[in-house]
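[1] build me a model:
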Amino acid sequence: MKSIEIPRRRADIFLYSGFLLLTVVAYSVTGSFPSPLLAGYPGSAMFPRLVLIVMGIICIFGLVRVLVSPSRTTDHPLQFEFRGYLLTVCSLIGFALLLTYVGMEVAVFVFIAGGVFVRSRRVLLSAGAGLISVVVVYGLFVQALSVHLPLTVLPRYLQTGF
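    The predicted structure follows:
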């Protein structure tokens with residue numbers, strides 16, 4: 001396996017800056033989320049914005065810590081395998097594309113089932129984990145928290161028989 005070695009300070013600056021940029025871009029996307037239906041209700045952008053604000057604050061503190069602290073020549077460089085890194089980046093890009101074009105249900109199922117299959121090589125376990133993940137994400141984010149996710153099969157609002 002081909003390992004990459006990067007000075008820790010440079011890696012920290014790159015990662016904190018990259019995640020801060022990602023946070024700003026993702027926060028701007030939440031502006032297109034549907035507005036609240038009821039007066040005083042925070043709406044579907046509230047939870048993602050809360051997470052993104054906390055993520056941005058963590059990135060800013062991390063950048064300040066790295067930039068203010070003196071550079072140490074004794075720091076061990078960051079070492080990682082390029083293949084695993086590339087696989088992670090490609091799977092996240094694939095998840096984002098699936099989420100955009102085929103909906104939350106398929107994207108979550110493929111992402112979780114694929115990850116479990118890579119680790120276990122068991123088809124039934126992978127399919128079960130994917131299905132359970134879709135149900136949990138749907139129930140928690142779409143139904144309980146009213147987060148706007150692109151749905152293909154499942155309904156946006158559940159009808160109650162009461």
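[2] ok, the residue nearest the centre of the chain to residue 144 distance?
    Among the residues of the chain, residue 92 comes closest to the average C-alpha position under C-alpha atoms, centre = their mean, at 7.9 Å. Distance from residue 92 to residue 144, counting by C-beta to C-beta, to the nearest Å: 25 Å. Bear in mind the C-beta positions are built from the backbone N, C-alpha and C, glycine included.
[3] re the thing from before, quick one: distance of the strand or helix carrying the residue nearest to the centre of the chain to the chain centre.
    Element membership for residue 92, per DSSP states H and E: helix 82-101. Using C-alpha atoms, centre = their mean, to the nearest Å, we find the averaged C-alpha position of helix 82-101 to lie 11 Å away from the chain's own average C-alpha position.
[4] now the element after it, going C-ward?
    Immediately after helix 82-101, counting by DSSP H and E, sits helix 104-120.
[5] what's the mean pLDDT across that next one?
    When pLDDT is averaged over helix 104-120, the result is 95.
[6] which other residues reach it?
    Counting by C-beta atoms under 8 Å, 6 or more residues apart in numbering, helix 104-120 makes contact with 91, 94-95, 98-99, 122-123, 125-127, 129-131, 133-134, 137-138, 142, 149-154, all of which sit outside it.
[7] quick check: next helix or strand after it?
    Using DSSP H and E, the helix or strand that directly follows helix 104-120 along the chain is helix 123-137.
[8] go through that following helix and flag the buried ones.
    Of the residues in helix 123-137, those scored as buried under the neighbour-count criterion (16 or more other C-beta atoms under 10 Å) are 126, 129-130, 133-134, 137.
[9] and it, what does it pack onto?
    In this structure, helix 123-137 makes packing contacts with helix 104-120, judged by 3 or more C-beta pairs under 8 Å, 6 or more residues apart in numbering; DSSP states H and E.
[10] now the angle from the helix it packs on to helix 123-137?
    Angle, helix 104-120 to helix 123-137, by axes from the mean of the first three to the mean of the last three C-alpha atoms, to 10 degrees: 140 degrees.
[11] give the buried residues for helix 104-120.
    For helix 104-120, a neighbour-count test (16+ other C-beta under 10 Å) marks 104-113, 116-117 as buried.
[12] what do you get for stretch 75-88?
    Counting neighbours by 16+ other C-beta under 10 Å, one finds that stretch 75-88 has no buried residues.
[13] kindly report the same for stretch 36-47.
    Within stretch 36-47, the residues that count as buried by 16+ other C-beta under 10 Å are 43-46.
[14] likewise for stretch 145-155?
    146-149, 154.
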